[in-house]
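Student: build me a model:
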Amino acid sequence: MDEGIESFINKFVDSNKLGACVDLLEGRKGLQRDLEWLDGWAESNKMKFNKSKCRVLHFGHNNPLQCFRLGMVWLDSGQAERDLVVLVDS
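Tutor: Below you'll find the predicted structure:
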């Protein structure tokens, strides 16, 4: 699954996390390429991501709040996400 992915990916039993430093335009383009690659991988393996549960969490100051999509679905931005009982926020 993660062959060809430039961003870091964490795989769990029922969830995946994809992340990258996207402070420059090339980083944003790289993360979008990785999202497109994952969507294609899932489709070719007859799997689906629950895109309604996918969120973008922006970190850092002066973040341009770039929008990303998974397939044809634009991902919502979240202010916080729970990760293994820990609440992570921007």
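
Student: show me where the protein has its strands.
Tutor: Along the chain, the segments classed as strands by DSSP state E run 8-11, 16-19, 55-57, 69-70, 73-74, 76-78, 80-83, 86-89.

Student: quick one: closest of those to Q32.
Tutor: Among these, strand 69-70 comes nearest to Q32, with 7.4 Å by CB to CB. All C-beta atoms are positioned from the backbone trio N, CA, C, and that covers glycine.

Student: redo the strands of the chain as CSV? Include distance to E43.
Tutor: Rendered in CSV, the data for the strands of the chain read as follows (distance: least, CB to CB, whole Å):
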stretch, distance to E43
strand 8-11, 17
strand 16-19, 15
strand 55-57, 21
strand 69-70, 11
strand 73-74, 13
strand 76-78, 21
strand 80-83, 25
strand 86-89, 29
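
Student: out of those, nearest to R28?
Tutor: strand 55-57 (11.2 Å).

Student: what comes up buried for the closest one?
Tutor: By neighbour count, with 16 or more other CB atoms under 10 Å as the criterion, the buried positions of strand 55-57 are V56.

Student: can you give me the helices for the protein?
Tutor: With DSSP state H, the ranges of helices along the chain come out as 25-44.

Student: bridging residues for the residue nearest to the spatial centre of it?
Tutor: For the chain, the residue lying nearest the average C-alpha position, counting by CA atoms, centre = their mean, turns out to be L18 (4.4 Å). The residues paired with L18 through beta bridges, assigned by DSSP bridges, are I9.
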